[in-house]
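Peer 1: Just a sequence and a predicted model for now, questions to come.
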Amino acid sequence: MARVLFITNNKEKAELVQDVLCKNALEVEVVLEEVIIFDKIMAFFPDLILLDVSFNTQDITLLAKKIKIHTQTDNVIFSLLVPQDCDNQDLLKTATSYITEPLNEKILISTIMSAIRMKNSLDVLSRNNADLAKSLYQLDVLYNTSTQFAGSLDREKLINIMLEGLEKSLSFNLSYILLFNNDNDIKLIVNSLHPLSERFEQAIKLRAMISYKSLFDKKQMPYAINPDIISVEKRIKHPYVEYDLPVLNFDNMFAPVTIGEKFFGVIEVFREEEFKSEDATCFQTLSKQVSIPLETATLYDEIKQTNIKLENLEKMKSEFISIVSHELRTPLTAIKNSLGILKGGAAGETTAVMDKFLGLAERNVLRLKGIINDLLDLSKIEAGKMKYSFEKADIMSPVETVKTTLENLMKEKNIVFSLNYDENLPQVFIDTMRIEQVVMNLLSNAIKFTPENGEIKLCVSKMSGSQIDRSDAVDDREYIVVLVEDSGIGIEKENLEKVFDKFQQIESSLSRKIGGTGLGLPIAKQLVDAHKGLIWVESAINKGSKFYFAIPVLSDLEAFKAGLEKQIAVAKSNCYTLGVIKISERMDNSTVFLNDIVSGLINIVRKGVNVKEYIVNENNFKTIYYTVMQMDRFALNFVGKKIDGFVKTEPRYEKCDILFSTVLYPDDEVTVDGLIEKLDNDIIEVKL
Ligand code: ADP
């Protein structure tokens, strides 16, 4: 029943209005005194207020304005009862409608009824608007939440994003989510406005379990459930008041968090205010939406775990190989020595047959030793424990050594061998022993896979990256390229890349006859990689193979940087300090021997430690960098002071241009560039 509040001092008018409106099923209240107007409005909740403008008050327009303001927000219709000649525009503007005197029953009732209809329409409109605003808000929350889902692969974080989304869009009083990671990892997360009483917490736990079980009815449950292993996490918003069992009577919604066969958990929310259908849609959407990223996160977790397992297995395998190889090496050395003694006749005369078998045994011991060394090398490289000793060197030196070593073997097979190399090859920054190993592996393979009377060519040349037909070659960099070409059995196209993988032996009938571990090329590749070089193969079956490797030619400074980088890695892994000393002298300082003095001084302060020298000739200056492992600040200062003394007191340095600086890793700088920059800028002795 619509309610009308009539404000008037005139009892006759009041009676008339009351009479007419009550007859038309309207509830009417009359206010005769000004002081109670606003209390009445608050208590009566009128749908329409009719103000008699003849009401006895100081300023009727002001009163009308006040009433209007008071009622505006609730869609209350404000009407005026005015005399026919009223032309107070200010007053008339305050109302939605007005009725003129004298009061006519029909006009009164039709005006009031149409105003009430208007009020009802306004109410519906307001409600729709509010619902629309809420839906828009929920949509916004859904959108934001799903965007956040996309950015995470962490299960815990995903659940939190969902709970936050639900809380924002549904403003619930309490929610729980029962999450299953596995049979032994079940978590109950309770989000509540207020703390829970102990029995209520137990009730929630029980309810979560029952809800979970109810999902599967008589079917097999994906996870066994035992209340004792459920870990409870409570997130309480406000510490005051305590929630108890009656909260279970609040309106509630429940959903499984699942995707296809995969089941993650169950979620339930409770709210004092009833949930609407839009709330249910929002709840269902969010609980479904979270399943997809949850599945991705689970897969990601599984992959991560598998990777860790694989890494561990790989580590264990490397360690195993390393231990076994070490263990094999000792008895093998004993066997080798014993064979040497027997062959040498120290244990008595040997017959020709015995010699033959002793020779066979010795060759096999050597082969076994080679295999063990290969295994050890590879496990060392893989564990990052391979030690390199880089220096500026001539590439022809290891190449020549290998040639000399294998020459006889080639002669035995009647192989035609040639070695060609460019004149004036620049020096390269290499570990000579390791490069020798690479050439040895390639050349011994060539011999192994080339039939008797075949041909092997070894070529060493300088090439620019642009001349090398490989995408990983740097165009404007120079390389020394070593090519081992044979006329042997060749390798099939699909196997070309595989040959550098561990334990790969290409199953061709000939190679199966030929022994080997499949470790030579992987080792060669790793060693070339350590030189920042390239290794590749071209081959045609039954025609022969071309194995190439290319070592970049570094400038003096680049070579120093590369060396320093490796030294830093060693210092870092051993927690050592690394002193770096730089001394530059103009090239024409013919009488200066400061470099000798510096190395002498280093020898005094750090005798026997690992000192490396890098000579850099640039801009008419000859610079020597010394890297000294485990050098401390005190020793560095000592060298600095001595140099200062020499330069100042020795007359022969009077006209010389000298720059001197030192730096300490990790105290001063930790990066190669940082260390070099500091050496360039913080010169402690200048004499120019
Ligand atoms: P191993 O020679 O000890 O088996 P490698 O790693 O040196 O191991 O070589 C791997 C495989 O690559 C060889 O088993 C062989 O099948 C193939 N291969 C290597 N070098 C040649 C070559 N010059 N000609 C033909 N096949 C080769």
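Peer 2: Perfect, I can see it now.
Peer 1: Spatially central residue for the chain, please.
Peer 2: Leu153 (10.5 Å; Cα atoms, centre = their mean).
Peer 1: For that residue, which residues are in contact?
Peer 2: By Cβ atoms under 8 Å, 6 or more residues apart in numbering, Leu153 lies in contact with 293, 296-297, 300. Using the backbone N, CA and C atoms, a C-beta is placed for each residue, glycine as well.
Peer 1: Could you pull up the mean pLDDT of stretch 381-397?
Peer 2: Mean pLDDT, computed over stretch 381-397, is 85.
Peer 1: which other residues reach that stretch?
Peer 2: So stretch 381-397 is contacted by 314-315, 318-319, 322, 377, 380, 421, 425, 427-435, 460, 480, 482, 523, 526-527, 530, 551, 556, 559, 562-563, 566, 615 (Cβ under 8 Å, 6+ apart).
Peer 1: next structured bit after the helix or strand of the chain with the lowest mean pLDDT?
Peer 2: Sorted by mean pLDDT, DSSP states H and E, the helices and strands of the chain end with helix 509-513, the least confident at a mean of 46. For helix 509-513, the succeeding helix or strand toward the C-terminus, using DSSP states H and E, is helix 520-530.
Peer 1: Go through the helix or strand following that next one and flag the buried ones.
Peer 2: Downstream of helix 520-530, the next assigned helix or strand under DSSP H and E is strand 534-540. For strand 534-540, burial by neighbour count (16 or more other Cβ atoms under 10 Å) applies to 534-537, 539.
Peer 1: Also stretch 298-306?
Peer 2: Under the neighbour-count criterion of 16+ other Cβ under 10 Å, stretch 298-306 has Thr298 buried.
Peer 1: quick one: Lys68 and Val76, what's the gap?
Peer 2: For Lys68, the distance to Val76 (Cβ to Cβ, to the nearest Å) stands at 9 Å.
Peer 1: These two: who's more crowded?
Peer 2: Of the pair Lys68 and Val76, Val76 is the one with more neighbours under other Cβ atoms under 10 Å, namely 21 against 17.
Peer 1: Tabulate the CA atom coordinates of stretch 362-380 in PDB.
Peer 2: Extracted C-alpha coordinates of stretch 362-380, given in PDB (Å, rounded to 0.1, in the frame of the first residue of the first chain):
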ATOM      1  CA  GLU A 362      99.800 -53.400 -24.400                       C
ATOM      2  CA  ARG A 363      97.800 -52.000 -27.300                       C
ATOM      3  CA  ASN A 364      94.500 -52.800 -25.600                       C
ATOM      4  CA  VAL A 365      95.700 -51.300 -22.400                       C
ATOM      5  CA  LEU A 366      96.500 -48.100 -24.300                       C
ATOM      6  CA  ARG A 367      93.000 -48.200 -25.900                       C
ATOM      7  CA  LEU A 368      91.400 -48.600 -22.500                       C
ATOM      8  CA  LYS A 369      93.400 -45.800 -21.100                       C
ATOM      9  CA  GLY A 370      92.300 -43.600 -24.000                       C
ATOM     10  CA  ILE A 371      88.600 -44.400 -23.300                       C
ATOM     11  CA  ILE A 372      89.000 -43.800 -19.600                       C
ATOM     12  CA  ASN A 373      90.700 -40.400 -20.300                       C
ATOM     13  CA  ASP A 374      87.800 -39.500 -22.700                       C
ATOM     14  CA  LEU A 375      85.200 -40.400 -20.100                       C
ATOM     15  CA  LEU A 376      87.100 -38.400 -17.400                       C
ATOM     16  CA  ASP A 377      87.400 -35.400 -19.800                       C
ATOM     17  CA  LEU A 378      83.800 -35.400 -20.600                       C
ATOM     18  CA  SER A 379      82.600 -35.700 -17.100                       C
ATOM     19  CA  LYS A 380      85.000 -32.900 -16.100                       C
END
